[in-house]
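1. Below are the sequence and a predicted model for it; my questions follow.
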Amino acid sequence: MDNLGKVMRVNLTEGTVKTEDLCEKTVREYIGGRGYGTKVLYDEVPKGTDPLSPENKLIFANGPLTGKAAPSAGRYMVITKSPLTGYIASSNSGGFWGAELARAGWFMIIFEGRSPKPVYLWIKDDKVEIRDAGAIWGKDGHEATDDLLAAVGDSQAKVVCIGTAGENLSHIAAIMNDKTRAAGRSGVGAVMGSKNLKGIVVRGSARPPVQDAEGMKAALASSMEKLKTNPVTSQGLPTYGTAVLVNVINQAGGYPMNNWQGAYFPEADEQSGETLARDFLIKRYSCFGCPIGCGRVTKLGEKIGEGPEYETIFAFGVCCGVAGLEPIIEANNICNELGLDTISAGVTIAAAMELYEKGYIKKEELEGGPELRFGSDEAVVYWTRKMGLGEGLGKKLAEGSYRLCEMYGHPEFSMTVKKQEMPAYDGRAIQGIGLNYATSNRGGCHVRGYTISPEILGLPEKLDPIDIESKPAWVSIFQNLTAAIDASGMCLFTSFALGADDYGAFLKAATGFDYDGTETLKAGERIWNIERLFNLREGLDPLKEDTLPDRLLKEPIPDGPSKGMVSRLGEMLPNYYKYRGWDEKGIPTAEKLAELGLN
Amino acid sequence: MIKVLFFATIRDYTGVKETEAEGPGTVMELLTELASAYGSAFSDEAFEEGEISDRVIIMVNGRHIAHTGGGNTPLKSGDTVAVFPIIGGG
Ligand code: SF4
């Protein structure tokens, strides 16, 4: 297992760094990344741990393929107990940082405790130092990145850090790497802030070896062919980025408007990928080793930034009733700098707009800031900044939509699952994605089981979005496959062209273990179940919490192509539990746990 | 009148974002009309061996035609037809 790298354990309370060997059995069973990290968290973080206490652990984990020759394999995961949901957090990011960590010879870093003062970690191959970050604390992520690179005297090093949002313990704070890539969701940035850890700078000089170089070559040849000929990975994503989805989701009547008060936006084309490409795009951006290059480098005025992604356009755009791309790009840049999750930030502003328009947030609380009205460009930009800085009402917004709405006595306006904001698809119009949100282990999330692919885009099969019979099985399989891909170090977007067998071939070559498609899916299922066990141990009540906001269950979509629809979650959930081998209360059965080696 | 909307690379073939059609009773008839109006770049994308190709997503009033009868999906005045290339994202 030496070729995968070592495990670093950093105790920030004591200021110590230890090196450990990887556990071969854990790699075989949980792959790495999201899987290996969750296994460590499950074993080491006891029930009831306060997510922002020194007892929580913060894990950065590569997959066996991170930094290797497999396509789009520059990804790492952050695993911790989430301050937003109180359950498992596992956030994925690309860019170049994870690959650099692999080049330095590390598979994973486990942070424990809390530093008495702000620090950063400097990793140069096997040399590791905990250094003072007093002069950098308080800076935004972009300034901090520049300062950290200057401090280590190596402009080629890679930086992961938090901005002010993470320092202020915002429940929706992201961890940023390479300035513009985010391990965004579930408030992982607040956990980093709670540990007084501003950043991790890494520089590696080795080329990470693989177990079976010939096997890797063969897997690469067959996968590259598929990626090059698949219309999504060879044309759609490179040309328009993820924002190409705006029009198609809107036309399907599943584009959530004004905090899910509608699902069709007549002005959608103004914020589409087509408009972004025409008016703002300068060039594409590719993460480490990625032949797809879905990233967008955009220019607004004199400012050059990266993004916005489809999800961000939804969150600051349609969800807040805003049509034009300028304020969306500006809010996106603010989130990248201050370190906020764009989905949670935009959806929280949308909730605040509903609270304000319905008279629950009072004008005095705005302290002269722009009124929180749907459609206000100014409000979106202003309140995003306030949220990232934790100032005035922005401090309340930085708690996320659930806590905000609860503070005002109206949790029904919070469009969250397990207290995490839902992304850009309406589960009333698209039934499978609603089931996926409701059952996602990290709360409202599309990239746990992306059924939009078969339900709207017709890939790999054309499923009817309003059908409910087929969805429990599809959601389960997609969730399992995604867990395995997240554990591997490859990007989920490769799955538009690749299948479980392809990932199995890469994993086999990298680890030497007998992975194939079936074993890869089995590992994914194991990961899904151990995440579930983590949540159950933390007190998850499935029958109350595997659900959607009442708005999606009871308020029919008012107009547009999906007029009249509600989510039929109640009919799908029992079949989902059954398909997963869980009991009718949503608890994995003893037989299922034995089958997965989890008993 | 049937409203027809074009998106993403399909706009490169049509040169317009939308048009209107009067008369076609089915999606197949509409696409055939569009193919003669916009030429081979459009028809190469829309058709494969005489059938509607898998490289396009066609929705009638928000419903993918795979679930409404494919090329035989009936059209009537007031309908909106959206034509996309195969796309993805997340
Ligand atoms: S597909 Fe996009 S997000 Fe994924 S690795 Fe490539 S550039 Fe990064």
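-> Great, that's in hand. Fair warning: this is a prediction, and the values are worked out from it, not measured in the lab.

2. okay, and for chain B, where does confidence drop off?
-> For chain B, no stretch has pLDDT under 70.

3. mind checking the longest helix of it?
-> Counting by DSSP state H, the longest helix found in chain B is helix B:27-38.

4. So which elements touch the very next helix or strand once past it?
-> Counting by DSSP states H and E, the next helix or strand C-terminal to helix B:27-38 is helix B:40-46. In terms of contacts (3 or more C-beta pairs under 8 Å, 6 or more residues apart in numbering or on different chains; DSSP states H and E), helix B:40-46 is packed against helix B:9-14, helix B:27-38. For glycine as for every other residue, the C-beta is placed from the backbone atoms N, C-alpha and C.

5. 10 Å - rerun?
-> helix B:9-14, helix B:27-38, strand B:56-60, strand B:80-85 (3 or more C-beta pairs under 10 Å, 6 or more residues apart in numbering or on different chains; DSSP states H and E).

6. what lines up beside the last one in the sheet?
-> Read that as strand B:80-85. Neighbouring strands of strand B:80-85 in its sheet, by DSSP bridges, are strand B:2-6 (parallel), strand B:56-60 (antiparallel).

7. helices and strands around the helix or strand just after the last one, which ones?
-> This means strand B:56-60. Going down the chain from strand B:56-60, the next helix or strand is strand B:63-64, by DSSP H and E. Applying 3+ C-beta pairs under 10 Å, 6+ apart, we find strand B:63-64 packed against helix A:245-251.

8. Give me the buried positions along the helix it packs on.
-> For helix A:245-251, a neighbour-count test (16 or more other C-beta atoms under 10 Å in any protein chain shown) marks A:245, A:246, A:247, A:248, A:249, A:250, A:251 as buried.

9. thinking again about what came up before, and the longest helix of chain B, C-alpha only, in CSV?
-> Extracted in CSV, the C-alpha atoms of helix B:27-38 (Å, rounded to 0.1, in the frame of the first residue of the first chain):
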residue,chain,number,x,y,z
VAL,B,27,-43.0,16.1,-33.5
MET,B,28,-41.7,14.1,-36.5
GLU,B,29,-43.5,16.4,-38.9
LEU,B,30,-42.2,19.5,-37.1
LEU,B,31,-38.6,18.3,-37.2
THR,B,32,-38.9,17.5,-40.8
GLU,B,33,-40.0,21.0,-41.5
LEU,B,34,-37.2,22.4,-39.4
ALA,B,35,-34.7,20.3,-41.2
SER,B,36,-35.7,21.7,-44.5
ALA,B,37,-35.6,25.2,-43.1
TYR,B,38,-32.2,25.0,-41.4
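
10. how many neighbours does the closest residue to the ligand within chain B have?
-> Going by C-beta to the nearest ligand atom, the ligand is nearest to residue B:90 of chain B, at 8.4 Å. Residue B:90 has 21 neighbouring residues, counting by other C-beta atoms under 10 Å in any protein chain shown.

11. who are the neighbours in contact with it?
-> A:237, A:242, A:245, A:294, A:309-311, A:423-424, A:446-447, A:450, A:452-453, A:491-493, A:495-496 (C-beta atoms under 10 Å, 6 or more residues apart in numbering or on different chains).

12. Could you dump the helices and strands packed on helix B:40-46 into CSV and include mean neighbour count?
-> Below are the helices and strands packed on helix B:40-46 laid out as CSV (neighbours: other C-beta atoms under 10 Å in any protein chain shown):
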stretch, mean neighbour count
helix B:9-14, 18
helix B:27-38, 18
strand B:56-60, 23
strand B:80-85, 23
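
13. Find the nearest non-adjacent residue to the residue of chain B found nearest chain A, please.
-> Of all residues in chain B, residue B:62 sits closest to chain A, at 2.5 Å by C-beta to the nearest C-beta. Leaving aside its sequence neighbours, residue B:62 sits nearest to residue A:561 (C-beta to C-beta, 6 or more residues apart in numbering or on different chains; 2.5 Å).

14. Let me see the domain layout of chain A.
-> A:2-203, A:256-416, A:421-595 (automatic domain parsing).

15. Using CSV, lay out those together with mean pLDDT and mean neighbour count.
-> CSV is the format used below for these (pLDDT from 0 to 100; neighbours: other C-beta atoms under 10 Å in any protein chain shown):
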stretch, mean pLDDT, mean neighbour count
domain A:2-203, 98, 23
domain A:256-416, 98, 22
domain A:421-595, 98, 21
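
16. Convert stretch A:334-342 to CSV, retaining C-alpha atoms only.
-> Only the C-alpha atoms of stretch A:334-342 are listed here, as CSV (Å, rounded to 0.1, in the frame of the first residue of the first chain):
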residue,chain,number,x,y,z
ILE,A,334,-17.5,37.0,-2.9
CYS,A,335,-18.2,33.4,-1.8
ASN,A,336,-15.0,32.2,-3.3
GLU,A,337,-13.1,35.0,-1.5
LEU,A,338,-14.8,34.9,1.9
GLY,A,339,-15.2,31.1,1.8
LEU,A,340,-19.0,30.4,1.7
ASP,A,341,-20.9,27.6,0.1
THR,A,342,-22.7,29.2,-2.8
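
17. and it, is it in reach of chain B?
-> No. Residues of stretch A:334-342 contacting chain B under C-beta under 10 Å from any C-beta of the partner chain: none, with a closest distance of 13.5 Å.

18. OK, contacts around residue 47?
-> In the absence of a named chain, this looks at chain A. With C-beta under 10 Å, 6+ apart, residue A:47 has these contacts: A:534, A:536, A:537, A:538, A:539.

19. if you could check chain B rather than the one you did, that'd help
-> Neighbour list for residue B:47: B:28, B:31, B:32, B:35, B:53, B:55, B:56, B:71 [criterion: C-beta under 10 Å, 6+ apart].

20. who's in contact with residue A:427?
-> Listed by C-beta under 10 Å, 6+ apart, the contact set of residue A:427 reads A:254, A:256, A:260, A:263, A:417, A:433-438, A:444, A:548-549, A:552-553, A:565-569.

21. Start and end of stretch A:200-218, how far apart?
-> End-to-end distance for stretch A:200-218: 35 Å, by C-alpha to C-alpha, to the nearest Å.

22. just the residues of the stretch 1-150 of chain A that are near the ligand, which are they?
-> Neighbours of the ligand within the stretch 1-150 of chain A, by C-beta under 6 Å from any ligand atom: A:72, A:94.

23. At which residues are the helices of the stretch 1-150 of chain A located?
-> A:24-30, A:33-44, A:97-103, A:141-152 (DSSP state H, counting those that start in this stretch).

24. wait, does the helix or strand where residue A:275 lies make contact with chain B?
-> Per DSSP H and E, residue A:275 falls inside helix A:273-279. Yes. Applying C-beta under 10 Å from any C-beta, one finds helix A:273-279 in contact with chain B at A:273, A:274, A:277.
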